[in-house]
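[1] Prediction below, plus the sequence it came from.
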Amino acid sequence: MEWAEINGYTFNDLFRIKEGNHPIIVRMVLQRIISLETFIILDRILGCGFNFNKRLTDIIWKDFWMKICKYSPFININLEKCKKLLREKIKREYKYAICGTSK
């Protein structure tokens, strides 16, 4: 998230698809700014991958999504703990972010 803030993006900007281009978060994985595992965790929390899959049709995305789907079952996480950590990080780093407090 530090990268996003330094480059003038909000958290939501990372997940926007503009004009059929890959969202910033996907480009960050492809450029190895963040790991595949980080993307998988964010996808489990936010469900962003299925939305991307509905809107992106290019071969790069299809290969990427297939890799995510095959690799994801091997990533074991405490989802509730990850949700809590993400919520706290967003509140701390984005002053005006609104994060739900329900568990």
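    Done, it's in. Numbering: from 1, shown residues only.

[2] ranges for the helices of the chain?
    In the chain, the helices defined using DSSP state H lie at 2-6, 24-30, 36-46, 48-55, 59-71, 79-93.

[3] the inter-axis angle of the third one versus helix 59-71?
    Spelled out, that is helix 36-46. Using axes from the mean of the first three to the mean of the last three Cα atoms, to 10 degrees, the interaxial angle of helix 36-46 with respect to helix 59-71 works out to 80 degrees.

[4] So for helix 36-46, what gets flagged as buried?
    Residues of helix 36-46 classed as buried by neighbour count (16 or more other Cβ atoms under 10 Å): 36, 39-45. Heads up, the C-betas are built off the backbone N, CA and C, glycines and all.

[5] Report the mean confidence score over it.
    In this model, helix 36-46 has a mean pLDDT of 96.

[6] can you check the last one too?
    Per-region confidence: helix 79-93 scores 89 on mean pLDDT.

[7] which ones are touching residue 41?
    75, 77, 82 (Cβ atoms under 8 Å, 6 or more residues apart in numbering).

[8] again, only using 6 Å
    Residues near residue 41 by Cβ atoms under 6 Å, 6 or more residues apart in numbering: 77, 82.

[9] So it versus residue 18, what's the distance?
    The gap separating residue 41 from residue 18 is 24 Å, by Cβ to Cβ, to the nearest Å.

[10] ok so, going back, looking at the helices of the chain, which is buried most?
    Compared across the helices of the chain, helix 24-30 shows the largest average neighbour count, a mean of 19 (mean count of other Cβ atoms under 10 Å).

[11] Identify the residues contacting it?
    Residues external to helix 24-30 that are found in contact with it (Cβ under 6 Å, 6+ apart): 14-15, 34, 36, 39.
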